[in-house]
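[1] Sharing a sequence plus its predicted fold:
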Amino acid sequence: SQQGEEDPQALSIQEGENATMNCSYKTSINNLQWYRQNSGRGLVHLILIRSNEREKHSGRLRVTLDTSKKSSSLLITASRAADTASYFCATDAGNSGNTPLVFGKGTRLSVIA
Amino acid sequence: NAGVMQNPRHLVRRRGQEARLRCSPMKGHSHVYWYRQLPEEGLKFMVYLQKENIIDESGMPKERFSAEFPKEGPSILRIQQVVRGDSAAYFCASSPLGPNEKLFFGSGTQLSVL
């Protein structure tokens, strides 16, 4: 089944630095979403980018999508200790719209104060 | 506005017992999804329901697992005769539209099978 794969699996940076996480997927999509999960909690939606969009911003978040390479990146600028969490990309199957989101294994981000 | 509510937060069962996990979607949301997460892993899709109907159960084991979303009341994920391998965090999500849009997640139920 289609699945987004995040890279790297783990990332450790200093507060104030930028963090970049990548996601690759296998088949065509309608949209791609990024979620964040704090330890022991549910996922929180961060941003959705549609297949006809190339870049999207939300606060300190910047997401890019390259459908020709089947990849997306999430950039967090000026990171803070509170950004420490796992980040997941999720994709649909690009067809009728009734297929559920498929999540990758995530990138564990640690921001050191 | 209450978010997606899951209970219990933690559930301990002995092998062979039944586990019932409950999920109340956000108000106005008729689409409910159940996912399972093992430690250090991503979420694995189990089942997608839309008010009284199972839309997609391709991720749910055929035996021992069942799900429902009745006209009134919460969605229930039921696991019969639990085994140690069922130990995981089970997350419920809901959405007002279909699964291609933003999902709202509950805080999950951590199931531990002794």
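    Sure, I can see it.
[2] Spell out which strands sit alongside the helix or strand hosting B:S112 in the sheet and which way each one runs.
    Here B:S112 sits within strand B:109-113, counting by DSSP states H and E. Next to strand B:109-113 in the sheet, as set by DSSP bridges, lie strand B:10-13 (parallel), strand B:88-95 (antiparallel).
[3] Adding mean neighbour count and mean pLDDT, write those out as CSV.
    For glycine as for every other residue, the C-beta is placed from the backbone atoms N, C-alpha and C. Converted to CSV, the strands paired with strand B:109-113 look like this (neighbours: other Cβ atoms under 10 Å in any protein chain shown; pLDDT from 0 to 100):
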stretch, mean neighbour count, mean pLDDT
strand B:10-13, 15, 98
strand B:88-95, 24, 96
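[4] gap between stretch B:32-42 and the chain center?
    Offset of stretch B:32-42 from its chain centre (Cα atoms, centre = their mean, to the nearest Å): 9 Å.
[5] For it, measure first residue to last.
    19 Å (Cα to Cα, to the nearest Å).
[6] and for it, what are the contacting residues?
    Here stretch B:32-42 makes contact (Cβ atoms under 8 Å, 6 or more residues apart in numbering or on different chains) with A:88, A:100-101, A:103-106, B:23, B:25, B:43-50, B:60, B:67, B:69, B:75, B:77, B:88-95, B:99, B:103, B:108.
[7] and these, which are buried?
    Those of the contacts of stretch B:32-42 that meet the buried threshold are A:88, A:100-101, A:103-106, B:23, B:25, B:43-50, B:60, B:67, B:69, B:75, B:77, B:88-95, B:99, B:103, B:108, by 16 or more other Cβ atoms under 10 Å in any protein chain shown.
[8] Which of the residues you listed fall in strands?
    Those of the buried ones among the contacts of stretch B:32-42 mapping onto strands are A:88, A:103, B:23, B:43-50, B:67, B:75, B:77, B:88-95, per DSSP state E.
[9] if I pick whichever residue of chain A sits closest to chain B, what's in contact with it?
    When scored by Cβ to the nearest Cβ, chain A has A:G42 as its residue closest to chain B, at 3.6 Å. Counting by Cβ under 8 Å, 6+ apart, A:G42 makes contact with B:V4, B:Q6, B:F91, B:A93, B:F105, B:G106, B:S107, B:G108.
[10] Can you say which two of the residues you listed are spatially most distant?
    Maximum pairwise distance among these (Cβ to Cβ): 11.3 Å, between B:A93 and B:S107.
[11] related to what we said a few turns ago, not counting its neighbours along the chain, what's nearest the residue of chain A closest to chain B?
    B:F105 (3.6 Å; Cβ to Cβ, 6 or more residues apart in numbering or on different chains).
[12] The residue positioned nearest the centre of chain B: which element?
    In chain B, the C-alpha nearest the mean C-alpha coordinate belongs to B:W34, at 3.6 Å (Cα atoms, centre = their mean). Per DSSP H and E: B:W34 is located in strand B:31-37.
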